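Student: fold the following, please.
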Amino acid sequence: MVEQLEKKMRETITIKTSHVSPPDTNHHGNLFGGKLMSHIDDVASIAATKFARKPVVTASTDSVDFFKPIRIGDAVTLEAIVTRSGRTSMEVFVKVVSEHLLSGEKSIAAFSFLTFVALDENGNPSPVPKAVPESEEERWLHETAQTRAAHRKKRKKESKELAEFFSKIAL
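Tutor: Below is the predicted model:
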């Protein structure tokens, strides 16, 4: 298989829709945050795999910002797209939309950014293509990814310092 040097972002778009049932919800009748995070990781990993055409692993979940509860009986639709790539990593954006199925009212319920790393047959990081934006929205996501990467790098450094600190003490 010949590896692509570039790939259009739109080629990675992945959409998943699920019905929210009672076992998926908390005592308030809202979708469990952890259940939504599982959906987010699933759809994002598919987009990343489409991009890399290799196995991928989640390196980080930068954020999951919840805006509106998703209720029992709603449909939840997740749209994922690779926004930028590094040498072996990919940033994936996931937009979560809830839909009240009886009224048709739709609302943005959450956003999330995740980072995935492509792996070779030995489980080592493997090169990925360059992400190429085309639409205005894709260009915005692509251009703003550098700022998110800088925050991610800073947060990772701080996390390593915390891990070192907590490895020396007992809670």
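Student: looking at stretch 160-171 now, give me its mean pLDDT.
Tutor: Mean pLDDT, computed over stretch 160-171, is 86.
Student: longest strand in this structure, please.
Tutor: strand 106-118 (DSSP state E).
Student: can you spell out which helices and strands pack onto that strand?
Tutor: helix 33-52, strand 56-66, strand 89-99 (3 or more Cβ pairs under 8 Å, 6 or more residues apart in numbering; DSSP states H and E). All C-beta spots, glycine's among them, are computed from the backbone N, C-alpha and C.
Student: lowest average pLDDT across those?
Tutor: strand 56-66 (a mean of 93).
Student: which of the three states applies to Lys68?
Tutor: coil (DSSP: H, G, I helix; E, B strand; the rest coil).
Student: can you count the residues close to it?
Tutor: 13 (other Cβ atoms under 10 Å).
Student: go on, Asp74?
Tutor: By other Cβ under 10 Å, the burial measure for Asp74, its neighbour count, is 24.
Student: go on, Lys106?
Tutor: Neighbours around Lys106, by other Cβ under 10 Å: 13.
Student: contact partners for the most centrally placed residue in the chain?
Tutor: Centroid check for the chain by Cα atoms, centre = their mean gives Leu114 as the closest residue, at 3.8 Å. Counting by Cβ atoms under 8 Å, 6 or more residues apart in numbering, Leu114 makes contact with 40-41, 44, 58, 60-62, 91-92, 94.
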